[in-house]
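Undergrad: I would like the atomic coordinates for the input below:
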Amino acid sequence: MKDEMKLFLKFRAKRKELLLLVISTFIALLLAELVAPVIYKVSMGKDFSKQEIQRKISAGAGDDVVLDETFIQTKFSQLHPYTGFSAKPNRDTGVNKYGFAGLEPVNKRSDNRVIIALTGGSVALQSFLFSSDTLISELKRSPVFAGKEIMLISIAGGGFKQPQPLMALNYFLVLGAEFDVLINLDGFNEVALPPSENIPVKVHSTYPRFWNLYFRQALDRENSLQIAKMEEIREEQRELRRWYLAHSILYQSKLALMLWDIMNNRLEHKLYLENQKFSHLLAQKKATYGPYEPHASLLELNAELARTWKLASIQMANLCRGNDIAYFHFLHPNQYFKESKELTDEEKRTAYIEGENPLKAGVQSGYPLLLEHGKELEERGINFTDLTMIFKAEKRTVYVDTCCHFNKLGTDSIVREIAGKVVEYYVNYRD
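TA: Okay, the predicted model is just below:
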């Protein structure tokens, strides 16, 4: 009986110790939760915000770090032997095996199908991504297209400029693609990107954007290793983020969120330092990127760019004529083209840069030249349409950034104009 009593008393004492341990741990964690914002402010130099840290975790670790353009461009794009670059194939993001958005471009015609290809730069690509449904529905309003399957294909690429769309058309025709209609929507990249991106680093004006960066990535082992280091750090950030999202108690704890933010900031700083090394590597190395020749002025450069744009369009029209494809060329609007739109307060704040701006200078110098060459395209019998003034009377916001891009209202307006021209042509000129 005495032994049993001793065991009971010993058990009760242990249970009491365990209970005290649990209570003290709970109190310590509770105190830590309470003082975590104070510790955070001391260590990070700013006020603690639970919602802001949760937003950062949900949005993706490391997204606030500004990386060298090489890393960003080469992470989502790949070298292409004929178009310079294309998107990396990814089923989850809708990029097909050829590196273009949406359906694969190589398809065959049939009596009940109309295959329409859309090419150009990011404006063309976003029109495809945002407003394919609008384009198709507008076309089907006409008896010409009613009852037919309309297959919309993208051979457009973000940052494409002539002669990349011409090369993309050539490439897919060689692979056996059959198009009924080709829509070329371009203009801004041709006159704005070479002065701001190619010429400052002595890359020939007709070469793809960032060609100096792609060239280095492809041929330089040291740069490739540095890119791999940076990606490894970003993967650490992603893994930390995934772990927090998988454990809801951590996602709600101030203490845990504080620890995540401190760890993530250390990784961001580490990534920043590696990015600085990468920039230094690029600055040290010299290479030749095409038959570069300096130009006396922006006007002289844009005269050459506009001529290239015109000649590329003529070649695309010739290719289309030889393959029984109806070709349509559209010059898209831009907010920097004078008197083309009265900007809303929101557009003035988020989609327009006052003062000197290489993109603005390229448009204001280059668009008038494109319009002159557009008249020559029309004289040659090419279906060219100037869309620069379609927002002249639009009072709503359509521009979404300081470059050239539109919201869905903007892309819908553009594709409606395009559909109208296609229908008009088929009604008046096609059998």
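Undergrad: Please tell me how far Glu376 sits from Leu311.
TA: 10 Å (Cβ to Cβ, to the nearest Å). Every C-beta, even on glycine, is put in place using the N, C-alpha and C of the backbone.
Undergrad: Same question for Asn265.
TA: 52 Å.
Undergrad: and what of Glu356?
TA: Glu356 is 30 Å from Leu311, by Cβ to Cβ.
Undergrad: higher neighbour count, the two?
TA: Comparing Glu356 with Leu311 by neighbour count (other Cβ atoms under 10 Å), the higher total belongs to Leu311, at 14 against 7.
Undergrad: Would you confirm that Leu271 contacts Arg234?
TA: Yes. If you go by Cβ atoms under 8 Å, Leu271 and Arg234 touch, sitting 6.7 Å apart.
Undergrad: Give the next helix or strand downstream of the helix or strand where Ile314 lies.
TA: Using DSSP states H and E, Ile314 maps to helix 298-322. Next helix or strand after helix 298-322 toward the C-terminus (DSSP H and E): strand 326-331.
Undergrad: Give the rounded mean pLDDT of stretch 338-352.
TA: Stretch 338-352 comes out with an average pLDDT of 93.
Undergrad: now the helix or strand hosting Leu240, how far from the centre of its chain.
TA: Leu240 belongs to helix 221-246 when assigned by DSSP H and E. Remark: helix 221-246 is offset 21 Å from the chain centroid, using Cα atoms, centre = their mean, to the nearest Å.
Undergrad: Please point out which parts of that helix sit buried.
TA: The neighbour-count check on helix 221-246 (16 or more other Cβ atoms under 10 Å) flags Asn223, Gln226, Ile227, Met230, Ile233, Arg234, Glu236, Gln237, Leu240, Arg241, Tyr244 as buried.
Undergrad: next one: stretch 327-343
TA: In stretch 327-343, counting by 16+ other Cβ under 10 Å, buried: 327-337, 340-341, 343.
Undergrad: residues in contact with the host helix or strand of Tyr425?
TA: Per DSSP H and E, Tyr425 falls inside helix 408-428. Helix 408-428 has contacts (Cβ atoms under 8 Å, 6 or more residues apart in numbering) with 116, 123, 126-127, 130-131, 134-135, 138-139, 141-142, 144-145, 181, 183, 185, 326, 328, 330, 332-333, 383, 385, 387, 390-391, 394, 396-400, 406.
Undergrad: circling back: could I get the buried residues of stretch 327-343 as CSV with distance to Val174?
TA: Shown next, in CSV, are these (distance: Cβ to Cβ, whole Å):
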residue, distance to Val174
Tyr327, 18
Phe328, 22
His329, 22
Phe330, 25
Leu331, 28
His332, 28
Pro333, 33
Asn334, 33
Gln335, 37
Tyr336, 37
Phe337, 36
Ser340, 38
Lys341, 40
Leu343, 43
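Undergrad: quick one on the thing from earlier: show me what the helix holding Ile314 is packed against.
TA: Applying 3 or more Cβ pairs under 8 Å, 6 or more residues apart in numbering; DSSP states H and E, we find helix 298-322 packed against helix 164-174, strand 181-186, helix 188-193, strand 326-331, helix 358-379.
Undergrad: how far is it from where the chain is centred?
TA: 25 Å.
Undergrad: To what extent is Glu379 buried, counted in neighbours?
TA: 9.
Undergrad: Can you tell me which helix or strand of this structure has the lowest average pLDDT?
TA: Least confident helix or strand of the chain, by mean pLDDT, DSSP states H and E, is helix 69-76 with a mean of 56.
Undergrad: Partner strands of the helix or strand following that helix and their direction?
TA: Towards the C-terminus, the helix or strand next in line after helix 69-76, according to DSSP H and E, is strand 77-80. Applying DSSP bridges, strand 77-80 is found paired with strand 84-87 (antiparallel).
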